[in-house]
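S.K.: Predicted model and sequence below, questions to follow.
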Amino acid sequence: MKSLFQTGTREEYLNILVLILRISIAAFMLTHGWPKLGKLLAGGEIQFGDPIGLGPGFSLILAVFAEVALLYLLFYIIFFVTGGRKYSIDHLLTRSS
């Protein structure tokens, strides 16, 4: 029963959590940009909509600082603070040398 309420950090759980977070963010970014990349490579024109009527420049500024971009920024700050951890390519490269 003590281990159920233990508040100490376990290094292996943190390593696995950061790995899952990296993989899931990569999948979200892939599904976010894949249709746009396919349209661009097919020769189609990518248009930026103006749903509010404020002009495409101002709408672009609103889209750049939108919720999805800030969410990705938050995750990259987490990666910057926690580092690559045990299950990363840089760990494999530095371990061998």
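M.R.: Cool, got the structure. It should be emphasised that the depicted structure is a prediction, and the values quoted were computed from it without experimental measurement. Numbering: from 1, shown residues only.
S.K.: And residue 87, how far from residue 72?
M.R.: Distance of residue 87 to residue 72, computed by CB to CB, to the nearest Å: 21 Å. For the C-beta atoms, the positions are set from N, CA and C on the backbone; glycine is no exception.
S.K.: Residue ranges in this protein under the pLDDT threshold?
M.R.: Applying pLDDT under 70 to the chain flags residues 1-9, 46, 48, 67, 96-97.
S.K.: what element comes up after the longest helix seen in it heading to the C-terminus?
M.R.: Ordering each helix of the chain by length in residues (DSSP state H) puts helix 11-41 first. Downstream of helix 11-41, the next assigned helix or strand under DSSP states H and E is helix 56-64.
S.K.: pretty sure residue 50 contacts residue 56?
M.R.: Yes: look at residue 50 against residue 56 with CB atoms under 8 Å: they come within range, at 5.1 Å.
S.K.: Quick check: closest non-adjacent residue to the residue nearest to the spatial centre of the chain.
M.R.: Of all residues in the chain, the one closest to the mean position by CA atoms, centre = their mean is residue 25, 3.8 Å from it. Distances taken as CB to CB, 6 or more residues apart in numbering put residue 75 closest to residue 25, at 5.1 Å, once the chain neighbours are dropped.
S.K.: shouldn't the one you found be in contact with residue 23?
M.R.: No: Residue 75 is beyond contact range of residue 23, at 11.8 Å (criterion: CB under 8 Å).
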